[in-house]
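Q: how would this look folded up:
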Amino acid sequence: MTNTLIGYARCSTDKQDLAGQQDALRKLGVPQDRIYTDRGFTGTNRTRPGLDQALAAVRRGDTLVVPKLDRLARSVPDARAIGDNLAERGVKLQLGPSLHDPSDPMGKLFFNILATFAEFEADLIRMRTREGMAVARAKGKLRGKKPKLSDRQQSELRRMHETGNYSISDLAELFSISRPTVYRTLGRTMPQPAK
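A: The predicted structure follows:
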């Protein structure tokens, strides 16, 4: 039986950096070429290509290494499914410096407790986010995305459109915006016909 260390790191948005997690995995002994990553995928999204590659790479006797459990899963059913899959295949799971054997009753219990806390933490974050957005909306501070064009640019786009000399594609190219943005801008600035 081999004991190859396979690492997995994930961040929820494209703006977050994986360097800290990758560094932690290297310090735990995972070779750089054995670290699989997902960027822009939440822990509740089970369709994660990097995780699928990491799970495909581990063999009997290997260890899947994750910096923290919440990087692997944010729900108890998902964590349990991954843990059961690893146990069936004879793969150990290492969360940070702690090694867990998902096939051992104590390891399984401890893993399920950690998964429950990870799910609880994710639920708290969602609840706080919803509450914060509701407060901001009530104070008039949450108004949606800022328009891509200034008021002056929107007026100019409408004027150019009304001449009939410019197509939607022409306007999109001239203002460096997408066609849907041109349509939205015209919908905001042009009076809507009475129905």
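Q: Quick check: Asp17 vs Thr37, distance?
A: According to Cβ to Cβ, to the nearest Å, Asp17 and Thr37 sit 11 Å apart. C-betas here are computed from N, CA, C, even on glycine.
Q: out of these two, which sits in the more crowded spot?
A: Under the neighbour definition other Cβ atoms under 10 Å, Asp17 and Thr37 were set side by side, and Thr37 has more, 21 against 9.
Q: Alpha carbons only: can I get the helix or strand harbouring the more buried one in CSV?
A: Take DSSP states H and E as the rule and Thr37 turns out to sit in strand 35-39. This file holds the C-alpha atoms of strand 35-39, laid out as CSV (Å, rounded to 0.1, in the frame of the first residue of the first chain):
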residue,chain,number,x,y,z
ILE,A,35,-2.4,19.8,-4.8
TYR,A,36,-5.8,20.2,-6.6
THR,A,37,-7.8,23.4,-6.3
ASP,A,38,-11.2,25.0,-7.0
ARG,A,39,-11.6,28.7,-7.2
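Q: Tell me the spacing between Arg39 and Ser103.
A: In this view, Arg39 and Ser103 are 31 Å apart by Cβ to Cβ.
Q: Same question for Ser155.
A: In this view, Ser155 and Ser103 are 68 Å apart by Cβ to Cβ.
Q: In terms of packing, which of the two has more residues around it?
A: Taking other Cβ under 10 Å, Ser155 and Ser103 do not tie; Ser103 has more neighbours (16 against 12).
Q: distance between the lowest-mean-pLDDT helix or strand in the chain and the chain's centre?
A: Within the chain, no helix or strand scores below helix 105-138, which has a mean of 77 by mean pLDDT, DSSP states H and E. Counting by Cα atoms, centre = their mean, to the nearest Å, helix 105-138 is centred 15 Å from the centre of its parent chain.
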